[in-house]
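> no FASTA, just this:
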Ligand SMILES: [Zn+2]
């Protein structure tokens, strides 16, 4: 599901903005935790950046609403349990981003305005490596303490682990201040990353999504011997605290870092003027793919440390440095397989399984192929070389194939006709591009979604059985089909023992379930969650069939496209061929039918009450020809108001055929079958025998 685009801040009132800021703070904190503490990001960098930007925009518009826990005041996350804390006396902040030359120019202009200057800046450009920021404190030249960035003001003490990294000097060479804090990036090279993942895979260990997570996961080990075994590299690039000034410019500082024994990225460059930055940016972009490590942009810093000092910080970002990111990346790799994923609504989505390829710093193994038509359009075949694109960090897409590289014998992909999860037959409705699993009620991929619907307000309306508890009970294996819901009362004691439940809630749930054993037919039909059968159509069907046994019997017949019942259901007013088709697909799948049968047997299903009243209750009427005074819709409505079912075709189940002028073959067929034939007058006389509704 694509979320609606956010409203422009001008369109928000204070309440809405406060609500959104609260949501943003919570979401960003959650992502920070996943990223920094668990080394397992939940969203792409691009999505994360978008949340951050949105937060900034709203805070700029509503400064009075800036929260004490605003993400703009924090970087990353608090230390995880198991590590001692390291306090950063000079906060370790992050950088603002630029994505285009104009944004970079705007950054320079902002700094100039702040300084009241008109001079272009001398700068240093440094390739931006996506790793883990580290703070190293040296006292009298000896490594005293190493800390991760953490939330910017408090990180984790990883000193023992850092001592195992060969690229970090345990003591500084030559003269150094009594106290100096050096900052830089721990990272893993592409080759080391691939080798580590291969070894992890063989050993059944954790496979990392990208070199950045691999580096973070390797450094943040409670056991330093594991860190020691991991191939970590380090580039120094910044200064923290210092007991005395060490340089007048950033460039000179980098030279001192080299002398002390640190690796400084050899691609870093002194730029006489900011106008050299676009050229350097292009140069780095061109070199990017050939580098031993991943970079996602270039960091530009104003060289003069006195100016840096004057410029200071705004929020969590320095005014004197910016990260200029590279645009989306493409790559070519081999398509190993096409797998089918089954979504929560039963949609079968083809996914390209790729020979892992590094695209702009991320190891890509999968890309989406959308649907059967897209596969046909691309003519993509297993074994092909495919061009893929990653824009931001969204799911990579297959752009096309390299036809010249197609291996002999590659054949077109056959989209499966069965659900790979449950084996039910797959259906592609006319005019749609998506294949769907028809095993809605029993397919493990869909059953949670179906059960949530099943228990929802318009359906069984079982209080206490919402999304969360459906998920919980499904995970526990307690509910695999709707009938299982009515077996939950037997687990009352177990439910009471679950976290967040307790005896009272469990008893309430059991009572709510018990109360719903008796249910009307319309709700029952609606609760099955058949496509296109909303509450209104469920009511039509319930009124038409009256009781559950008739309904199930007829639905069995409907599955056969040649059956009379298929024609009959199509002619129920309001039910057209498309809906009949959905009913047929649903009940034609034996698994569904069994699940519904089992459910019905566990319940007391009330006949549709509204079908009970009226003189024509339970009778089926067919109109044919032009009646003298009643239009067709009026006649049908009149018959239905008196309890009749109105169909278009005559069969042996028809009770009355009402005939007007120019009637076709239906009148003849009615006589043949011995059905009562009436004219409008006779029809009105029949209605006059009893009250309508
Ligand atoms: Zn399925």
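All right, it came through fine. What you are looking at is a predicted structure, and each value in this text was computed from that prediction instead of being measured. Residues are numbered from 1 along each chain as shown.
> from here on, contacts and neighbour counts on C-alpha atoms
Noted.
> Residue 674 and residue 44: what is the separation?
Note on residue 674: its distance to residue 44, by C-alpha to C-alpha, to the nearest Å, is 70 Å.
> what do you get for residue 329?
Per C-alpha to C-alpha, residue 329 is found 14 Å from residue 44.
> Please apply the same query to residue 213.
To residue 44, residue 213 is 13 Å away according to C-alpha to C-alpha.
> One more: residue 638?
To residue 44, residue 638 is 59 Å away according to C-alpha to C-alpha.
> same thing with residue 387?
Distance, residue 387 to residue 44, by C-alpha to C-alpha: 21 Å.
> try residue 334
24 Å.
> the more surrounded of those two?
Comparing residue 334 with residue 44 by other C-alpha atoms under 10 Å, the one with more neighbours is residue 334, at 22 against 14.
> Next, count neighbours for the spatially closest residue to that one that is not a sequence neighbour.
Nearest residue to residue 334, sequence neighbours excluded (C-alpha to C-alpha, 6 or more residues apart in numbering): residue 385, at 4.4 Å. Number of residues near residue 385 (other C-alpha under 10 Å) recorded here: 23.
> List the contacts of residue 385.
By C-alpha atoms under 8 Å, 6 or more residues apart in numbering, residue 385 lies in contact with 332, 333, 334, 335, 401, 402, 403, 405, 406.
> For these, pick the one with the most neighbours.
Among these, the one with the most neighbours (other C-alpha under 10 Å) is residue 335, at 24 neighbours.
> what's the spacing between that residue and the ion?
25 Å (C-alpha to the ion, to the nearest Å).
> Okay, and that residue sits in which element?
Residue 335 is part of strand 329-342, with elements assigned from DSSP states H and E.
> what lines up beside that strand in the sheet?
Here strand 329-342 has these sheet partners by DSSP bridges: strand 347-359 (antiparallel), strand 385-390 (antiparallel).
> and for it, what are the contacting residues?
Here strand 329-342 has contacts from 348-360, 381-391, 419-421, 437, 445-446, using C-alpha under 8 Å, 6+ apart.
> The closest residue to residue 272 other than its chain neighbours: neighbour count?
Closest residue to residue 272 apart from its sequence neighbours, by C-alpha to C-alpha, 6+ apart: residue 122 at 4.8 Å. Residue neighbour count, defined by other C-alpha under 10 Å, stands at 19 for residue 122.
> One more: residue 494?
Neighbourhood size, residue 494 [other C-alpha under 10 Å]: 14.
> same question, residue 250
By other C-alpha under 10 Å, neighbour count at residue 250 equals 23.
> wait, what's in contact with it?
Shown in contact with residue 250 (C-alpha under 8 Å, 6+ apart): 124, 301, 302, 303, 304, 305.
> for the first one, which residues make a bridge with it?
Going by DSSP bridges, residue 124 is paired in beta bridges with residue 270, residue 301.
> circling back: could you restrict the contacts of strand 329-342 to the ones contacting the ion?
419, 421, 437 (C-alpha under 5 Å from the ion).
> As JSON lines, those with neighbour count, distance to residue 493 and pLDDT would be great.
Output for these, formatted as JSON lines (neighbours: other C-alpha atoms under 10 Å; distance: C-alpha to C-alpha, whole Å; pLDDT from 0 to 100):
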{"residue": "419", "neighbour count": "24", "distance to residue 493": "36", "pLDDT": "94"}
{"residue": "421", "neighbour count": "17", "distance to residue 493": "32", "pLDDT": "90"}
{"residue": "437", "neighbour count": "30", "distance to residue 493": "35", "pLDDT": "92"}
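> out of those residues, which are inside strands?
The members of those that map onto strands under DSSP state E are residue 437.
> Pick the one among the ones next to the ion among the contacts of strand 329-342 closest to residue 459.
Of all those, residue 437 has the smallest distance to residue 459: 22.1 Å, by C-alpha to C-alpha.
> What residues does the stretch 301-450 of the chain have near the ion?
Residues of the stretch 301-450 of the chain lying near the ion by C-alpha under 5 Å from the ion: 419, 421, 422, 437, 443.
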